[in-house]
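1. Everything below, folded, please.
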Amino acid sequence: MTLDKRVTIKIPRHLYDKLKEMIKGTGFGSVNEFIVYVMRDIASGGRLDQETGLSKQEIDLIRKRLIALGYLSNGKEEENR
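-> Residues are numbered from 1 along each chain as shown. Coordinates of the predicted model:
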C-alpha cells in the first residue's frame, strides 16, 4: 500500500483563475506548482512572528495588498455569514 504524501488545499476559484493568468509564460507548469513554490519560500523563512525589520506602516501596506490580491481575508466575509 502506497501512501500519498500530498494533501489538498482549497482556494477560491477567482484566486485560482487569477494565479493561472499570472503564471502564463513564467515557466511554472501549473497553479499547484506555483503555490508550492511560494509556500516553500514562505516556510523557509522560519517563524511568522519573528522580527521582519519592517515598520508597522509597511506591514499594513503589505497586508492591504495581500487582501486586494485575495491571499488574505479581511474578515468581512465571516461577518456576512
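
2. can you count the residues close to L19?
-> As a burial measure, L19 scores 20 neighbours (other CB atoms under 10 Å). The way it works is simple: take the backbone N, C-alpha and C, and place the C-beta from them, glycine included.

3. Touching, it and V31? I think so.
-> Yes - L19 lies in contact with V31 (CB atoms under 8 Å); the separation is 4.9 Å.

4. V31 reaches I23, doesn't it?
-> Yes - contact criterion CB under 8 Å: V31 and I23 qualify, at 6.6 Å.

5. Does the spatially most central residue of the chain belong to a helix, a strand or coil?
-> The residue lying closest to the centre of the chain (CA atoms, centre = their mean) is Y71, at 4.9 Å. Three-state assignment for Y71 (DSSP: H, G, I helix; E, B strand; the rest coil): coil.

6. got any ranges where this structure has weak pLDDT?
-> 1-3, 46-52, 75-81 (pLDDT under 70).

7. For burial, what's the neighbour tally of the closest residue to L54 other than its chain neighbours?
-> Nearest residue to L54, sequence neighbours excluded (CB to CB, 6 or more residues apart in numbering): I62, at 7.4 Å. By the criterion of other CB under 10 Å, I62 has 13 neighbours.
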